[in-house]
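In: One predicted model, sequence on top.
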Amino acid sequence: MTGAIGPLLYLRGPVGERAGERISLAALLVLPEGEPAPALDADGEAVAATALLTRRGTTVWRYDFTLPMRRDTGYSLGGTRYAVNADFTGDLRIAFVSCNGQEKNDRRRPLEERNALWQRLRAEHDKAPFQLLLQGGDQVYADELLNCHPALKRWARGGRVRQADATAEPDLTETLRDGFFELYLDILGQPAISGMMARVPSLAMWDDHDICDGWGSLRPAKLDAPEGRTLFAVAREHFLLFQYGALTSGLPAFCPDRSGASLGWHVSLPGLHVLAPDLRSERRPDRVMGPVGWQTFETMLESIRQGEGGGRVLLLSSVPALGPRLSWVEALMHLTPKLEKYEDDLRDQWQSRAHRKEWRAFLERLATIHANPATPVTCVSGEIHLATHGTLDVPPKPLHQLVASGIAHPAPSKAYAIGLGLLARFGSSPLPGHTIRLQGLPGKRAPYTAERNYLVLERKGAGWTASWELEHSGRTPELEI
């Protein structure tokens, strides 16, 4: 299969009359146009491919299949056997990654440097296989696509937004489609990444750079301009294709909102709920989630409350649910125009003063679920290019927030981490009686660690632990969560 990209494996959820019987998966394979897709052998069962689309001389194929929930199963494709640890019934190993790129010249970096942490993650998987790969946002950095078309360049410069001349620039959509398609193929085709995604099923949620820097926190006039709406629509198409393995016309069953206005998802596994609200599709400068997003989130939480047997709740919030107080920083920014260009970066955070009421509502719902001993909540997040750990005081045990970011994005300066740590000392407790504490990583004194990293979550018997793999410091001690 010369020139092929994939297979890329995506988790769908358990199937079968008995819990823990089989797991449903999808796999994408990209082949040169005209080359037939071979049959996939799913643990002895032949599975044919469905053609999803053809673009740029290639065809994207999808296989839908199931595997038994065993540690020693797998599938074969194109003469290669891919072992899959599909046992979700007992001990678990979950990898969490985020921020897989950088804003400029990402595809020009030497792959050995860019994907050093991906290579380390793959080596760890080969020794002790993971069952699930969680991807927490910014799986690609699409920012440079803003230069792909004159209309988009004008839009990105932030000058006066005018109505696009559709007759003069009818090809913006197709130009963006070509750009996003090639971007995803370039990134997901890198051996260190595709090697993991071929063997470990993935669940992902997008963040701003999967569209453009600050999407949703930009001025409404910019978001609503024809160029902005076209950018969002094309980014959404390719997010669904390459991060969900789906088309806009057929969302996976794990998406409660069948209209697709909100792309949040919820997967129930034995003893575990994994869910991710969509914090980008309806985002505006004055809100994180819109009406559909909030209704979708409430639906997911209600299904947890009504479920039998409980289980750990692993909530992916693409921006950290717990963080330092940012209102003072935002107020200072308005004192000088030189700093106002960073305002959208602060508006991206739950802790922004613009989102204070909504943040409180979000934490209230998490605290209510967590207060039930049968459904303890753990939040995982990326976005900030640092690693940290925080807690929200919710008796009988604290709710943990684990931040791992980024796996490929260069770490910011230590001064940046120190400055954010100083803000954290002031604390921020939007819920009376529920103090937020930013404690940093196990074995580290500072609240934030400025190294590239990924997170490993493990279930051993009834207990859960978390540990971070840091680029220079190595593995942290395990944290009981």
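Out: That came in fine, so what should we check first?
In: Strands of the stretch 151-300 of the chain, start to end?
Out: Listed in chain order, the strands of the stretch 151-300 of the chain (DSSP state E, counting those that start in this stretch) span 202-204, 265-269, 272-276.
In: tell me which strands and helices the first one is in contact with?
Out: By that I understand strand 202-204. In terms of contacts (3 or more Cβ pairs under 8 Å, 6 or more residues apart in numbering; DSSP states H and E), strand 202-204 is packed against strand 5-15, strand 132-135. For glycine as for every other residue, the C-beta is placed from the backbone atoms N, C-alpha and C.
In: Could you double-check that V313 lies in contact with T375?
Out: Yes: if you go by Cβ atoms under 8 Å, V313 and T375 touch, sitting 5.3 Å apart.
In: shared neighbours, these two?
Out: Listed as contacting both V313 and T375 by Cβ atoms under 8 Å, 6 or more residues apart in numbering are 273, 304, 369.
In: Tabulate these in a markdown table, adding columns for pLDDT, distance to G260 and neighbour count.
Out: Shown next, in a markdown table, are those (pLDDT from 0 to 100; distance: Cβ to Cβ, whole Å; neighbours: other Cβ atoms under 10 Å):
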| residue | pLDDT | distance to G260 | neighbour count |
| --- | --- | --- | --- |
| H273 | 98 | 22 | 22 |
| I304 | 97 | 22 | 20 |
| I369 | 97 | 26 | 19 |
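In: and of the residues you listed, the nearest to Y454?
Out: Ranked by distance to Y454 (Cβ to Cβ), the shared contacts of V313 and T375 are led by H273 at 22.0 Å.
In: and the closest residue to that closest one other than its chain neighbours, helix, strand or coil?
Out: Of all residues not flanking H273 in the chain, V313 sits nearest, at 4.8 Å (Cβ to Cβ, 6 or more residues apart in numbering). Secondary structure for V313, judged by DSSP: H, G, I helix; E, B strand; the rest coil, is strand.
In: Tell me how far P285 lies from D348.
Out: 10 Å (Cβ to Cβ, to the nearest Å).
In: between those two, what contacts are shared?
Out: Jointly contacting P285 and D348 under the rule Cβ under 8 Å, 6+ apart are 216-217.
In: I figured V292 hits P256, correct?
Out: No: at 9.9 Å, V292 does not count as touching P256 under the criterion of Cβ under 8 Å.
In: With adjacent residues omitted, what lies nearest to H370?
Out: Of all residues not flanking H370 in the chain, V377 sits nearest, at 4.0 Å (Cβ to Cβ, 6+ apart).
In: State the number of residues packed around R157.
Out: Neighbourhood size, R157 [other Cβ atoms under 10 Å]: 9.
In: Next one: it relative to L40, how far apart?
Out: Counting by Cβ to Cβ - R157 and L40 are separated by 47 Å.
In: quick one: contacts for A42?
Out: A42 touches 63, 65-67, 75, counting by Cβ under 8 Å, 6+ apart.
In: out of those residues, who has the most neighbours?
Out: Y75 leads the contacts of A42 on contacts (other Cβ under 10 Å) with 26 neighbours.
In: Look at V313 and T375 and report which has more neighbours.
Out: Taking other Cβ under 10 Å, V313 and T375 do not tie; V313 has more neighbours (24 against 19).
In: What is the end-to-end distance of stretch 308-317?
Out: This stretch, stretch 308-317, spans 24 Å end to end (Cα to Cα, to the nearest Å).
In: which residues are contacting it?
Out: For stretch 308-317, contacts defined as Cβ under 8 Å, 6+ apart pick out 94, 134, 136, 203, 205, 268-277, 279, 304, 321, 350, 366, 369-370, 372, 374-381, 457, 459, 464.
In: what's the average pLDDT for it?
Out: What stretch 308-317 shows for mean pLDDT is 94.
In: And the chain, split by domain according to the record?
Out: Taking automatic domain parsing as the criterion, the chain consists of the domains 1-82, 90-480.
In: Need the winner for burial among the ones you listed.
Out: Mean neighbour count (mean count of other Cβ atoms under 10 Å) peaks for domain 90-480 among the domains of the chain, with a mean of 19.
In: now for that domain, what's the gap between its first and last residues?
Out: 18 Å.
In: and what of stretch 192-202?
Out: End-to-end distance for stretch 192-202: 15 Å, by Cα to Cα.
In: Which secondary structure state does the residue lying closest to A450 once chain neighbours are set aside sit in?
Out: Leaving aside its sequence neighbours, A450 sits nearest to A417 (Cβ to Cβ, 6+ apart; 4.1 Å). Secondary structure state of A417, per three-state DSSP, is helix.
In: What's the separation between A417 and V97?
Out: Relative to V97, A417 is positioned 19 Å away (Cβ to Cβ).
In: and stretch 129-142, how far out from the chain's middle?
Out: Mean-position distance between stretch 129-142 and its chain equals 6 Å (Cα atoms, centre = their mean, to the nearest Å).
In: Next, the distance between the ends of it.
Out: OK, stretch 129-142 end separation, Cα to Cα: 31 Å.
In: With stretch 150-170 instead?
Out: Terminal residues of stretch 150-170 are spaced 12 Å apart (Cα to Cα).
In: quick one: contacts for D64?
Out: 24-26, 47, 50 are the contacts of D64 under Cβ under 8 Å, 6+ apart.
In: go on, G264?
Out: The neighbourhood of G264, defined by Cβ under 8 Å, 6+ apart, consists of 205, 255-257, 275-278, 293, 296-297, 300.
In: so how far is stretch 280-299 off the chain centroid?
Out: On Cα atoms, centre = their mean, the centre of stretch 280-299 falls 16 Å from that of its chain.
In: Straight-line length of it, end to end?
Out: By Cα to Cα, the extent of stretch 280-299 from end to end equals 18 Å.
In: same check, this time on stretch 444-460
Out: End-to-end for stretch 444-460, by Cα to Cα: 24 Å.
In: now the protein, which segments are flagged as low pLDDT?
Out: For the chain, the stretches with pLDDT under 70 are 1-3, 17-20, 159-169, 325-346, 427-428.
In: Next one: the residue nearest the centre of it relative to W206, how far apart?
Out: In the chain, the centroid-proximal residue (Cα atoms, centre = their mean) is G136; its distance is 2.3 Å. To W206, G136 is 10 Å away according to Cβ to Cβ.
In: Next: H266.
Out: 16 Å.
In: Kindly report the same for A374.
Out: 31 Å.
In: Mind putting the shared contacts of V313 and T375 into CSV with distance to H355?
Out: Below are these laid out as CSV (distance: Cβ to Cβ, whole Å):
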residue, distance to H355
H273, 25
I304, 24
I369, 20
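In: Adding distance to V140, write the strands of the stretch 151-300 of the chain out as CSV.
Out: Formatted as CSV, the strands of the stretch 151-300 of the chain follow (distance: least, Cβ to Cβ, whole Å):
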stretch, distance to V140
strand 202-204, 11
strand 265-269, 19
strand 272-276, 17
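In: Just the C-alphas of whatever helix or strand R356 lives in, formatted as CSV.
Out: Using DSSP states H and E, R356 maps to helix 356-371. Coordinates of each C-alpha in helix 356-371 appear next as CSV, following Å, rounded to 0.1, in the frame of the first residue of the first chain:
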residue,chain,number,x,y,z
ARG,A,356,-17.4,33.7,35.7
LYS,A,357,-21.1,32.9,36.0
GLU,A,358,-20.9,30.1,33.5
TRP,A,359,-17.8,28.7,35.1
ARG,A,360,-19.6,28.5,38.4
ALA,A,361,-22.5,26.6,36.8
PHE,A,362,-20.0,24.2,35.2
LEU,A,363,-18.2,23.5,38.5
GLU,A,364,-21.5,23.2,40.3
ARG,A,365,-22.6,20.3,38.1
LEU,A,366,-19.3,18.6,38.3
ALA,A,367,-19.3,18.9,42.1
THR,A,368,-22.8,17.4,42.3
ILE,A,369,-21.8,14.3,40.3
HIS,A,370,-18.5,14.0,42.3
ALA,A,371,-20.3,14.2,45.7
